[in-house]
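Novice: Build me a model from this:
(chains A and B)
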Amino acid sequence: MYHTLGNRGERVSKPSDLVQGTLDLLLLKILALQPMNGWAISLRLKSISGDVLQVSEGSLYPALHKLEQEGWITAEWKQTENNRRAKFYSLTRLGRQHLEKEAANWSRLSTAISHVVRLEEA
Amino acid sequence: MGPQHWMYTIPLRLRSLFRRRRVEQELNEELQFHLEQKIEEGIAKGLHPKEARYAAMRAMDGLEQRKEEMRDTRRIHWLTDFFDDAGFAMRSLNRTPGLAAFVVITLALGVGMTSAIFSIVDATIFRPYPVPHPSGVVTLVSTTRDSSFDDFSYREYLDIRSETKSYDGVIANADMEAVGFSAAPAATPRIKGGMLVSGNYFHALGVEPRVGRGFREDEDQVPGRDAVVVLGPDFWKHEFASDAGVVGRTIRLNGTEFTVIGVAPESFPGMLIFGHPDFYMPLAMARTFSTNRQKNFFEDRDDRELNVSARLKPGTTLQQAQNELAVLAKNFEREYPKVNRSRGAAVHTQFEIRTRGDDVNWKFGVIFMILALAVLLVACTNVAGLLLSRARTRTREIAVRLAIGAGRFRLIRLLLTESLILASLGGLAGIAIGYGVVEWFHTYQNVIFMTDLPLSIPFRMDTRALLASLVLSVLSALLCGLAPALQSTRVDLVNGLKSADVDVPDRKRLWGRNVLVVAQVATSLMLLTASFLMVRGFQHGVLEGNGFAKDHLLMASFDPRLVQYNVAQTQQFYKLLAERVREAPGVQGEALTQNVPLGQEDFDGVAFVPDDFQMPRDRENFNSTMDTVDQGYFETMGIPILRGRGFLASDTAEAPRVAIVNEQFAKHYWPGEDAVGRHIRLDSPTGTPVEIVGVAQTIKYQDASEKAADFVYMPLAQHPVARMALMLRSSGDPLQLVQPVKDIVRTLDPNLPMLHTMSYEDFYLNQAVRGPQIAIDLVGSMGVVGLLLTIAGLYGLVTYNVSRRTREIGIRIALGAASSDVLRLVMGKGLVLVGMGTVIGLAMGFAVEQLMNSMLFNAGGVDILAYVIVVPSLFLVTMLAVYVPARRASRIAPTQALRYE
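Specialist: I've put the predicted structure just below:
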């Protein structure tokens, strides 16, 4: 624990249950459907993935910020339904391209993996 | 990551950078919004608000860490951290302004000196030719036993041009020479610098004229046919007010009408280091200019007056060009054995030609550079020492930082940022000093170049010099900051935090500081030795005397070619001039000479075969420098004739040829015998015999610090020369003779200008005393700066040691140590360090002396006096720097010292 103290570059905890990079994909997909604020995204994540994919609320925001800094999503301050100011994220053109690419990658990968898994069963 | 990506990210990064507070605020707001929602959700589930709040915080899994992670995604940390560090460094430096100022000044002196001297080294060695693709331009030289950098003759140049295949254009130029210029036919000619160049000169170099055109090939083919001229940019600006209409106009050069066809661009001041030709003429017009009158420029293969350069074809290596030229040189040797015997050829790059062994300017630059780097080194070690002792007092702070989790690398970065800031400030101030020094160089313009030719000091603080200063600053930041940073972050945490005594240095650490002091003492000893040797080297020549009288002499030069005199008219003019000035009131003696002693122009050479001398088998002839003088020369200049006679009125053109040699020459060829009555034959064993009628005392000819050299004098009547200097010995102030001489010249020819009219003593002082003074001042100030820095460093070290040991010394005194014991204790260490530094410095001093002797001065052996003076004075001064704090230590009151802290 001590060795990480104060080293900014190092992640203190990781979304360990999530395959690396999948959180990005999930977030991009969610935002592709409609622009949303962080809180709403966290609710949506929970509802769509249930207990299978555990995304800590803590790692959500760094991930969102990373996507923003990469230029894949962009943010805008808007009023929520109950009149609170919140930061709404939406997909950029670049993000859409990235999502398509990543989604294609993902399905290729998952097809391949499930194929392998089934092979073993047979 | 394409440009499209950057379109999104660059504004974001800029925003994170410049709207930092706003971005931070948004980050907080966003998280706050999330937390509030979460709390509301918790309350809705029936939790107590407080508990809901805890739960929300827990779910974030460490709010502050998350924030840091989010900040990390902005990818500008390296920069913001740097700003943070810089801010911190500024604040902490602000707490010790004295130290900061001292460090900045120290570094400024080091960087300033070095960058000013870089401008010398750059101008004399590295600065590329002002042409496109300068690295492709190579220089071709003829080589002999005596010279590795000889010129080519016109015929040889034509052959090289037609028979080599390695080049895209082979060009030739003569030396820049004095040319009489007048814009209108009636105007009295003024002296300007012109250069004969081959017709392809501008084209092959890739220089596009600013207005008009360059030479056409056919304008350089028929001797004397095409009188066309291309103007240099400066000349065009000053003489013709940058008027583009000058093209097509006629100007007179040496009395001949030339048509202006173009103007070289601003970017092309010429290929020379110091000279910027006012205009360029085609080689075919050589007869109008001062080519060797004894030879036929266009026909004689041994009339070698041309520098040949060429542009290498892309893909051709220097070695290939070299091989090709070597074969050609062999052919020359076979075809023209008489003039090309044991003569080779070589191809050199710009660097090789700039660092040629027979040129002294770049050598001064290199020696200065070595010394300046030594000053910079002393400055850096000094600063390193200061930062080190500063870091000591911060041990506690650093230990605390490390204990609460700061990474060592991060701390080193922080400390390096501090030294980088110091070095940047020092660098900035250094650039200012550099500008000052370069400006100071330029004040010597008229001292160094007492000539009518367009020569100027090429040292500049240009972008290259600024870049060099920048690199030097950063390097010195690393040099003086890295060691302290590494050392002070290697803290034993337990001791560092526990110890009441903030500073617990171990042996190893002190060792580092001791090394710094030894290095400083050694380097400054070397610097002082070098400056002392520089003074002595120049004084040597001055004190030793030059073998002739310098006072009460007026000099003035004439060049009758400017008014189109032929050889007979020229001879007649000088004959009448000499006769008439001799009669003038106040004139005690008259002399005519081609070159004034210790002047700025090179002496001519003479090739000869001495009588009764066994020539080495592989030699055709020997060479010596020579001067052409009249019969009054030796007496007027006070040069004793040791044997035989001086020149007489009877040594006319019709009389048998005679010459006078110097003592060195006589000893060289006829040791132990009388040279008078012997003959030398010009050029070859069958050449014109010349009888030696006298032996003159050897004097300094070219340079006050030169070694005794062979020398031959020829009488003007038998060896016609166009450009001569008149020397008049006066009974009173020599300048009072100016008007009478002017009047006499006017009666002879009202159009002939008098050039270079000045008191010879003034000229001599500038040449031999004030010029070298630059070098002496420069090296001297480096020595002084080095010494001052060393004293400061030593003083600082001992003071620091004393303050560190205050308690120990207090106890010693309390236990009965006498103040002399304490003095011994404190000084002993300093003495050892200074002693070690002196020994090493002596070795470095000897090395520098060797280097200076081999490169600059002809002095051999070791200048004992230099060391006898420098070593004890350095020792005394440094011991004083140790003594002052040591004495303070010996007076420490034990009661006070024990209460300390």
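
Novice: low-scoring stretches of the stretch 101-250 of chain B, by residue?
Specialist: Scanning the stretch 101-250 of chain B for pLDDT under 70 picks out nothing.

Novice: all strands of it, in order?
Specialist: Assigned by DSSP state E, counting those that start in this stretch, the stretch 101-250 of chain B shows strands spanning B:137-143, B:152-153, B:167-173, B:177-182, B:190-197, B:211-212, B:228-231, B:250-253.

Novice: Which one of those lies nearest to chain A?
Specialist: Set against chain A and scored by C-beta to the nearest C-beta, the strands of the stretch 101-250 of chain B come closest in strand B:137-143, at 48.4 Å. Every residue, glycine included, has its C-beta placed from N, CA and C.

Novice: Could you list every helix and strand in contact with the closest one?
Specialist: strand B:304-312, helix B:318-335, strand B:344-348, helix B:350-354 (3 or more C-beta pairs under 8 Å, 6 or more residues apart in numbering or on different chains; DSSP states H and E).

Novice: Buried deepest among these, which one?
Specialist: For those, the largest average neighbour count (mean count of other C-beta atoms under 10 Å in any protein chain shown) is found in strand B:304-312, namely a mean of 23.

Novice: For it, the averaged confidence score.
Specialist: If you average the pLDDT over strand B:304-312, you get 94.

Novice: in its sheet, what does it sit against?
Specialist: strand B:137-143 (antiparallel), strand B:152-153 (antiparallel), strand B:167-173 (antiparallel) (DSSP bridges).

Novice: Redo these as CSV? Include distance to B:P269 and mean neighbour count.
Specialist: Formatted as CSV, the entries for the strands paired with strand B:304-312 read as follows, by distance: least, C-beta to C-beta, whole Å; neighbours: other C-beta atoms under 10 Å in any protein chain shown:
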stretch, distance to B:P269, mean neighbour count
strand B:137-143, 15, 23
strand B:152-153, 25, 23
strand B:167-173, 14, 22
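
Novice: mind checking the end-to-end distance for stretch A:76-84?
Specialist: 13 Å (C-alpha to C-alpha, to the nearest Å).

Novice: any residues touching it, and which ones?
Specialist: The contact list for stretch A:76-84 (C-beta atoms under 8 Å, 6 or more residues apart in numbering or on different chains) reads A:35, A:37, A:85-88, A:90, B:26, B:33, B:36.

Novice: Go again with 10 Å.
Specialist: Applying C-beta atoms under 10 Å, 6 or more residues apart in numbering or on different chains, the contact partners of stretch A:76-84 are A:35, A:37, A:39-40, A:85-90, B:26, B:29-30, B:33, B:36-37, B:40.

Novice: What subset of those is buried?
Specialist: Burial by neighbour count, 16 or more other C-beta atoms under 10 Å in any protein chain shown: within the contacts of stretch A:76-84 this picks out A:35, A:37, A:39-40, A:86-89, B:30, B:33, B:37.

Novice: in those, which two residues are the furthest apart from each other?
Specialist: Of all pairs drawn from the buried ones among the contacts of stretch A:76-84, the widest gap by C-beta to C-beta lies between A:P35 and B:Q37 and measures 17.0 Å.

Novice: So, low pLDDT: which residues of the stretch 501-650 of chain B?
Specialist: B:501-510, B:540-545.

Novice: what are the ranges of the helices in it?
Specialist: B:507-544, B:567-583, B:633-637 (DSSP state H, counting those that start in this stretch).

Novice: Make a markdown table from those and add mean neighbour count and distance to B:L486 to it.
Specialist: What follows is these, written out as a markdown table (neighbours: other C-beta atoms under 10 Å in any protein chain shown; distance: least, C-beta to C-beta, whole Å):
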| stretch | mean neighbour count | distance to B:L486 |
| --- | --- | --- |
| helix B:507-544 | 21 | 10 |
| helix B:567-583 | 16 | 75 |
| helix B:633-637 | 22 | 66 |
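
Novice: Is it correct that B:E30 is in contact with A:I41?
Specialist: No - checked against C-beta atoms under 10 Å, the pair B:E30 and A:I41 is beyond contact range at 11.5 Å.

Novice: quick check: domain ranges of chain B?
Specialist: In terms of domains, chain B is parsed into B:3-75, B:134-354, B:361-544+B:769-899, B:553-731 (source: automatic domain parsing).

Novice: For B:P269, which three-state class applies?
Specialist: Three-state call for B:P269 (DSSP: H, G, I helix; E, B strand; the rest coil): coil.

Novice: what about it, how many residues close to it?
Specialist: B:P269 sits with 18 neighbouring residues when counted by other C-beta atoms under 10 Å in any protein chain shown.

Novice: Next up, the contacts around B:A584.
Specialist: B:590, B:728, B:730, B:737, B:740-741, B:743-744.

Novice: So what does the residue nearest to B:Q571 when sequence neighbours are not counted look like in phi/psi?
Specialist: Distances taken as C-beta to C-beta, 6 or more residues apart in numbering or on different chains put B:P720 closest to B:Q571, at 5.6 Å, once the chain neighbours are dropped. Backbone geometry at B:P720, expressed as degrees, to the nearest 10, gives phi -60, psi 130.
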